[in-house]
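Asks: let me see the structure of the following:
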Amino acid sequence: MTNAQKKGLAEIMFIDHGKTLKRIHEELKVSLRTLGVWKKEGKWEERREYLNSAPSRIRQKLMEEMELVIAGKDPTFSSDHVSKINKALTDFTKMDKNPSVIYSILIRLDNYVARNHPQLIEDITKVHREFLTESIEQAS
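Replies: Okay, the predicted model is just below:
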């Protein structure tokens, strides 16, 4: 794996999966110093914070709008906009349980594995089918 690939993977592990630099160091065999430089240059901490806080920040803004209406003041958003934002937030929070989204991601992952690690595709595809079946059963 090249350094650029390790950097991209480390970024995903830190931001999306919440892993510590020490854990990433152990898994990718990249020095803690290098990881620290990548983290600072790429603003990983800020991006992880933003990613984790986005739904709660949206909820907070919706609550502020409700407070304005309750106080008899004019809201800063139209009711149509508030409704659309609330729907988008609801859809976003359910996305990881949506079998169509899961299927789409697994297909992309299977294509990647087939191109880059063809020796693994048979086993991984089997596991993905099992996972998708379980997800569909849980969604019903």
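Asks: show me the contacts for Val113.
Replies: Listed by CB atoms under 8 Å, 6 or more residues apart in numbering, the contact set of Val113 reads 120-121, 124. Every residue, glycine included, has its C-beta placed from N, CA and C.
Asks: filter those down to the buried ones.
Replies: Buried members of these, scored by 16 or more other CB atoms under 10 Å, are 121, 124.
Asks: of the contacts of Val113, just say which sits nearest to Arg59.
Replies: Ile124 (36.6 Å; CB to CB).
Asks: touching, the closest one and Asn111? I think so.
Replies: No - using CB atoms under 8 Å, Ile124 is not in contact with Asn111; the gap is 11.1 Å.
Asks: what is the least confident helix or strand in this structure?
Replies: The helix or strand of the chain with the poorest confidence is helix 79-94; it has a mean of 74 (mean pLDDT, DSSP states H and E).
Asks: output that one as PDB, nothing but the C-alphas.
Replies: The C-alpha trace of helix 79-94 is given here as PDB (Å, rounded to 0.1, in the frame of the first residue of the first chain):
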ATOM      1  CA  SER A  79     -42.700  26.500   7.300                       C
ATOM      2  CA  ASP A  80     -42.000  24.800   4.000                       C
ATOM      3  CA  HIS A  81     -38.300  25.000   4.500                       C
ATOM      4  CA  VAL A  82     -38.500  23.800   8.100                       C
ATOM      5  CA  SER A  83     -40.600  20.800   6.900                       C
ATOM      6  CA  LYS A  84     -38.100  19.900   4.200                       C
ATOM      7  CA  ILE A  85     -35.200  20.200   6.600                       C
ATOM      8  CA  ASN A  86     -36.900  18.000   9.100                       C
ATOM      9  CA  LYS A  87     -37.700  15.400   6.500                       C
ATOM     10  CA  ALA A  88     -34.100  15.400   5.200                       C
ATOM     11  CA  LEU A  89     -32.800  15.000   8.800                       C
ATOM     12  CA  THR A  90     -35.200  12.100   9.400                       C
ATOM     13  CA  ASP A  91     -34.200  10.500   6.100                       C
ATOM     14  CA  PHE A  92     -30.500  11.000   6.900                       C
ATOM     15  CA  THR A  93     -30.700   9.400  10.300                       C
ATOM     16  CA  LYS A  94     -32.500   6.300   8.800                       C
END
